Each structure stands twice: as structure tokens, then as C-alpha cells.
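Chemist: please find the sequence and the predicted model below.
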Amino acid sequence: MKRFLIVIYLGFGIWSLGFAPSALAVTHKWEVGQGTGLTTTEFVVKDARTGIDAIRLVIDASGNLGIGTTGPVAKLEVNQASAASSLKIADNGTTVQEIYDGGIIDLPYQSTAKAYMGGTSQTVSNSTWTKLPINTKSWDTQNEFDTTNNRFTATKAGYYLVLLKAYWDSIADQKICYHAVYKNGASEATQAYQGSGPALLQPVSVFLIKLAAGDYIEFYVFQNSGGDTHINGGSSYSDYTYMEIIKLM
């Protein structure tokens, strides 16, 4: 059975509490208290074991908490032990955020998805809004894109950057095609492109969309060339007709 010795240090307005794993090993201890190695206005936790003697945590008179620093300048300041290490935030043992030396931030589970139109070409009739059957996923970190109904449903509220690219087979001269994001079944944002001569067109549209948890978005196209045209799809067009989404904040 381990024994612990509590050692109380008294001084002029200064106090600390030392914990030793043995009644004989007083020099192997942690110290918790006010003024333990700093000023009388700070509360500290100190590793006072032999050969270490390092302050691990500080709360100053302003309420700033410092870990890895004895002079915190914010309500919470955490400093890396070395340039080779990183700061991690974990959820049930899994790292969900990591800050590397230099400020690079890794969010491995941030909401993001890419999917493309994996079937055959989609016919787009003249002057008719047509939903794109985007049905094959490249990635989907939170499983938010449904390939059955071709829609993305947000699990968390926030602002989402949405990119849509379509490979139009042909757009007549001076005629216009449109890309649109529909939110909960209604048009939320659109972008127009004009053809120059009957030729293929590969426009890229970028939108910033605000979504509440449970909101869903779908992708529609429109053209007024006077007849039917097509948007090319299939595995060979995975980088030509697709959408990408990432939650920014």
C-alpha cells in the first residue's frame, strides 16, 4: 500500500501543499498552492520531484490559466513543450483537432464530402430546371451525403462552402446555362454562364450556404439553348461533373 505525506509550508502570506509518495521521500513531491516558486498572487501546480522542479499549471490574479507557461496572457494559454510536438483535442480517445507547430490546424472529422455523377449522361431539356443525379461518393467524413436521393444533409449548423462543376456537352452560341443550389427544395443560390459558339462548357460554381442542422441541399442545372443538351457523367467524368462541400464554421 502506498503512503502519502502531506507537507504544509507556511510563510508570510504564502502557502503550499506538498504530496510525497512515501513518508521518507519528502523530496519526491508535487506542490499545489499560492506562491510556489512565483509571486504571492498566483496559484500554481508544481512538479517538485527531485531533478524536475517544474511548474505545470498557473492561474494568475486575472483568472488567466496557463499550461506550459508561467505567464498566461489569455483566459487559457497552452504552450507546446517543443517545436516537434502538437496540441491535441480528443473525444473518447480519438483526436478530433490537432494544432501543429506554426499554427497549422488539422480537423480530421470536419464535415466535408465529395460526390460525382457516376451514371450515364443527364439530359437537360430546354428551359427546365433539372436535378443532377450525383450518386457516387469520393469521400464523406460524417456520412451526410445520400447517394439515393442525391442530397447533402447537414448534421450541424454552420456556414458551408459548396462547389459545383458540370461538364456541359454543348451550349449554343450566346445561350445561357445555370448552376443552382436548392436548400430544402427551394432555390438558394444560382450562377449563370454564357456559351460562345456551340461548344462544350465546364463551368465551376462556388457558393457559401448557411445551413441549420437537418437542412439539405441538392444541385440543379438549367439551359435555354432551344433544345435538349447533356451533362456528361460516369466514372471517367468523376472530376468533371461533381460537387464538393466543406463546413467552414
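Modeler: Done, it's in.
Chemist: which regions of this structure sit below the pLDDT cut-off?
Modeler: Residue ranges of the chain with pLDDT under 70: 1-28, 35-40, 50, 81-85.
Chemist: over to the residue positioned nearest the centre of the chain. Which of the three states is it?
Modeler: Against the mean C-alpha coordinate of the chain, by C-alpha atoms, centre = their mean, the closest residue is residue 110 at 3.6 Å. On the three-state scheme (DSSP: H, G, I helix; E, B strand; the rest coil), residue 110 is labelled coil.
Chemist: was I right about it contacting residue 141?
Modeler: Yes - counting by C-beta atoms under 8 Å, residue 141 is a contact partner of residue 110 at 6.6 Å. For glycine as for every other residue, the C-beta is placed from the backbone atoms N, C-alpha and C.
Chemist: this structure - how does it break down into domains?
Modeler: 5-79, 112-247 (automatic domain parsing).
Chemist: of those domains, which stretch is the most buried?
Modeler: domain 112-247 (a mean of 17; mean count of other C-beta atoms under 10 Å).
Chemist: how much space between the residue nearest to the centre of the chain and residue 204?
Modeler: 22 Å (C-beta to C-beta, to the nearest Å).
Chemist: now do residue 213
Modeler: With C-beta to C-beta as the criterion, residue 213 and residue 204 are 28 Å apart.
Chemist: circling back: which non-adjacent residue is nearest the residue nearest to the centre of the chain?
Modeler: Nearest residue to residue 110, sequence neighbours excluded (C-beta to C-beta, 6 or more residues apart in numbering): residue 247, at 5.9 Å.
Chemist: beta partners for that neighbour?
Modeler: Beta-bridge pairing of residue 247 under DSSP bridges involves residue 160.
Chemist: so how far is residue 54 from it?
Modeler: 39 Å.
Chemist: contacting residues for the residue nearest to residue 202 when sequence neighbours are not counted?
Modeler: The shortest distance from residue 202 to any residue other than its chain neighbours is 5.4 Å, reached at residue 167 (C-beta to C-beta, 6+ apart). Neighbouring residues of residue 167 by C-beta atoms under 8 Å, 6 or more residues apart in numbering: 200, 202, 231-232, 237, 240-241.
Chemist: hmm, 10 Å instead?
Modeler: 117, 121, 200-203, 230-233, 237, 239-242 (C-beta atoms under 10 Å, 6 or more residues apart in numbering).
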